[in-house]
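1. Following is a predicted model, sequence given first.
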Amino acid sequence: MKPTRFIQRCLFIFTLSLLGACPWEGVDKDREYRYYSESENPSIESGVITGTIDFTDGFESEQATKLIIKLEDVSLADAASITLSEITLKTFETVPIQFTIGFNPGDIKEAMSYSVSARLYSQDEDGKEKLTHINTSSFPVLTNGFDNTVNLLLDEI
């Protein structure tokens, strides 16, 4: 643990104890607690997220033009997510669709929340590209107990 982080945690605990809300009262002494620094979490160190994408309805790959997959920082409430990494797949034939998305491990902070999202675009009858499938649920990765694998489910819109 970095010395500055240790000092910050000690000051935080000291401040809470002065307020009468010491966080150590509810800690289970028989349980091992492990806190990762940014460089110790193996899911973050890899710099890669792997996963699959499946669909809730019938998916017609002939009409699909592109699939955009993003790694996003979703930590801030009532704010737009921040895209950390993005890939676009233009050829895919089998379902579930397998993907790998890279990211910079230095961008990941253990205290933040990250999620993978996907959007599928297809051609309509007029030959125009339109959004046809999105994920309607959150698919968290990397922090808060989640690793670097994810299985997304896309819904037709």
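-> Cool, got the structure.
2. need the contact list for residue 50.
-> 98, 99, 100, 148, 149, 150 (C-beta atoms under 8 Å, 6 or more residues apart in numbering). Quick note: C-beta positions are derived from backbone N, CA and C, even for glycine.
3. one more time with 7 Å
-> Residues near residue 50 by C-beta atoms under 7 Å, 6 or more residues apart in numbering: 100, 148, 149.
4. Now do it, the pLDDT please.
-> In this prediction, residue 50 carries a pLDDT score of 94.
5. now residue 10
-> pLDDT for residue 10: 59.
6. Okay, now the unreliable bits of the chain?
-> For the chain, applying pLDDT under 70 flags the ranges 1-43.
7. Mind telling me which residue is nearest the centre of it?
-> The geometric centre of the chain, computed from its C-alpha atoms, lies nearest to residue 115 (C-alpha atoms, centre = their mean), at 2.3 Å.
8. helix or strand for that one, which one?
-> strand 114-123 (DSSP states H and E).
9. ranges for the helices of this structure?
-> Using DSSP state H, the helices found in the chain span residues 3-18, 42-45.
10. In contact with residue 64, which residues are there?
-> With C-beta under 7 Å, 6+ apart, residue 64 has these contacts: 120, 122.
11. The strand holding residue 115 pairs with which strands?
-> Strand 114-123 sits in its sheet next to strand 64-73 (antiparallel), strand 129-134 (antiparallel), strand 140-141 (antiparallel), going by DSSP bridges.
12. Touching, the residue nearest to the centre of the chain and residue 142? I think so.
-> No: using C-beta atoms under 7 Å, residue 115 makes no contact with residue 142, being 9.2 Å away.
13. what about residue 106, neighbour count?
-> The local packing of residue 106 (other C-beta atoms under 10 Å) involves 10 other residues.
14. Since that was my last question, I'll sign off now.
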